[in-house]
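Undergrad: here's a sequence, model it:
(4 chains)
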Protein chains: 2
Amino acid sequence: MIKRNTVQRALVLEAVLRLRSHPTADEIYAEISKICPSISRATVYRNLQQLCEQGEIRRREIPGSPDRFDHLTNDHCHARCTLCGKVTDIEVEKVPDMEALVKDDHGFAISGMNLIFDGICPECRRKRND
Amino acid sequence: MIKRNTVQRALVLEAVLRLRSHPTADEIYAEISKICPSISRATVYRNLQQLCEQGEIRRREIPGSPDRFDHLTNDHCHARCTLCGKVTDIEVEKVPDMEALVKDDHGFAISGMNLIFDGICPECRRKRND
DNA sequence: TCCTTATTGACATTCTATATCAATAAGGAT
DNA sequence: ATCCTTATTGATATAGAATGTCAATAAGGA
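TA: Below is the predicted model:
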């Protein structure tokens, strides 16, 4: 299965790289629609999936909310605003090797972990205090 | 809004307490249907939601799979099998106070965190080696 | 026993994501 | 430059989880 370079895939990648805001598939679709109104939502989903498989971007699965897509592909933590859903990178002093701390994995062969902080983002805190 | 004790809510709570397997709403519905075939799926969802609000059980949001419900309401880690989706409690030596390690929260008021390990459960490992 | 209204059951709807499939176009071969 | 194969697209249907709607029911206090 040889991959072909399509304008649609280029637009999807460009949008994720330019937005840098952990956009959802729908936000990416809306962004691309401005320039290319004929693009299909399915094409956006497909190309996001493909770009993730190629390692060009990374899918961040957020419990209880739609997946978001990250231009950064390294491991790092995120915080999700429980009010508006916004996702932000969180810098942690020194992420402990959690897997090494596991006392009883009940036979699980652990391959990775997913750490997301919950909180309220600066904008929502400001709105709340009005 | 005074709460009323209904047989349906009692059945939902009983199922979660008895199963002790982080069941999904649908698994709970299937379990109750054996005894009470007339129960509605919506009633199961509603009562799970209500029992969570009352703090009797806890919702565990699993990225990419349906929510699961826990008879244990304390904070602890979970592992999800990436093959069959099963969720198991994971005992950690000493869960580090991750929030204390946050170097730059970008203005977020952090209120909690969600830590889930990914891996392959014992049963799926066995099947794989056949 | 009556009355108020929380709750139920049935169904529709929303939302996220993927599957299907004929039409299109990428890009190597000629 | 033209042809050909097939990866990819756009449109639409479908799946799956969860919530919303609303008339009918039943909990539980008066």
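
Undergrad: can you tell me which strand in chain A is longest?
TA: In chain A, taking DSSP state E as the definition, the longest strand is strand A:109-120.

Undergrad: the very next helix or strand once past that one and chain B in contact?
TA: Later in the chain than strand A:109-120, the nearest helix or strand by DSSP states H and E is helix A:122-128. Yes - part of helix A:122-128 sits near chain B under the criterion Cβ under 8 Å from any Cβ of the partner chain, namely A:122, A:125. Any C-beta I mention is one placed from the backbone N, CA and C, and that applies to glycine too.

Undergrad: rounded mean pLDDT for helix A:122-128, please.
TA: Across helix A:122-128, the average pLDDT comes to 90.

Undergrad: show me what counts as buried in it.
TA: For helix A:122-128, the neighbour count (16 or more other Cβ atoms under 10 Å in any protein chain shown) marks residue A:124 as buried.

Undergrad: enumerate the residues of chain A near DNA strand D.
TA: Within chain A, the positions adjacent to DNA strand D are A:1-4, A:6, A:8-9, A:36, A:38-43, A:46-47 by Cβ under 7 Å from any atom of the strand.

Undergrad: could you pick out which of these are near DNA strand C?
TA: A:4, A:6, A:41-42.

Undergrad: and the residues you listed, which are buried?
TA: The neighbour-count test (16+ other Cβ under 10 Å) marks none of these as buried.

Undergrad: with pLDDT, secondary structure and distance to residue A:130 added, can I get those residues in TSV?
TA: Shown next, in TSV, are those (pLDDT from 0 to 100; DSSP: H, G, I helix; E, B strand; the rest coil; distance: Cβ to Cβ, whole Å):
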residue	pLDDT	secondary structure	distance to residue A:130
A:4	96	coil	51
A:6	97	coil	46
A:41	97	helix	36
A:42	98	helix	41
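
Undergrad: now flag whichever of the residues you listed is closest to residue B:106.
TA: residue A:41 (30.6 Å; Cβ to Cβ).

Undergrad: now that closest one, nearest residue through space, not along the chain?
TA: Distance criterion Cβ to Cβ, 6 or more residues apart in numbering or on different chains; nearest residue to residue A:41, sequence neighbours excluded, is residue A:29 at 5.3 Å.

Undergrad: can you pull the contacts of the one you found?
TA: A:39, A:41, A:44 (Cβ atoms under 8 Å, 6 or more residues apart in numbering or on different chains).

Undergrad: do residue A:62 as well
TA: A:68, A:78, A:80, A:85, A:87, A:116, B:63 are the contacts of residue A:62 under Cβ under 8 Å, 6+ apart.

Undergrad: one more: residue A:50?
TA: A:3, A:9.
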